[in-house]
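Engineer: model the structure of this input:
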Amino acid sequence: QVQLVESGGGLVQAGGSVRLSCAASGRTLSRYAMAWFRQAPRKEREFVAGLSWSAGSTSYVDYADSVKGRFTISRDNANNTVYLQMDSLKPEDTAVYYCAARFRAVVAVASEYAYWGQGTQVTVSS
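Structural biologist: The predicted model follows:
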């Protein structure tokens, strides 16, 4: 079992930055793909960014088109933590952000992830 706990959300003005953290416990994350999803009111949960497991120094990274160039996902396997650095935030980024984990490869489909955090709210004011 993997337990995930997100932190770092809050209220930020448009153009600002927020860094989300996802701390894992229960198992080491080193062989798991990690991803961030988000869900805005009355919308489906959508993929934001993902980072695959890698035995070497390079991991496969994927981003939703809507966040490319503004968001950066990273992981610290030694501390079992995944981060999402969000820059140049827009009001449309307002959502509850969820951390998720699955074994091995990143996919952009929420139902493929076995483990989820409780979510953290990010609100971007205009």
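Engineer: ignoring the adjacent residues along the chain, who's closest to the residue most central in space within the chain?
Structural biologist: With distances taken as Cα atoms, centre = their mean, residue 36 lies nearest the centre of the chain, 2.3 Å away. Sequence neighbours aside, residue 48 is the residue nearest to residue 36 in space, at 4.4 Å (criterion: Cβ to Cβ, 6 or more residues apart in numbering). For the C-beta atoms, the positions are set from N, CA and C on the backbone; glycine is no exception.
Engineer: confirm the one you found sits in a strand?
Structural biologist: Yes - remark: residue 48 belongs to a strand, assigned using DSSP: H, G, I helix; E, B strand; the rest coil.
Engineer: would you mind listing the residues in contact with the residue of the chain positioned farthest from its centre?
Structural biologist: Most distant from the centre of the chain: residue 126, at 22.9 Å, with distances by Cα atoms, centre = their mean. Taking Cβ atoms under 8 Å, 6 or more residues apart in numbering, we find residue 126 in contact with 14, 91.
Engineer: tell me how far it lies from residue 11.
Structural biologist: 12 Å (Cβ to Cβ, to the nearest Å).
Engineer: with residue 99 instead?
Structural biologist: 20 Å.
Engineer: so those two - more neighbours on which side?
Structural biologist: Taking neighbours as other Cβ atoms under 10 Å, residue 99 and residue 11 compare with residue 99 leading, 28 against 12.
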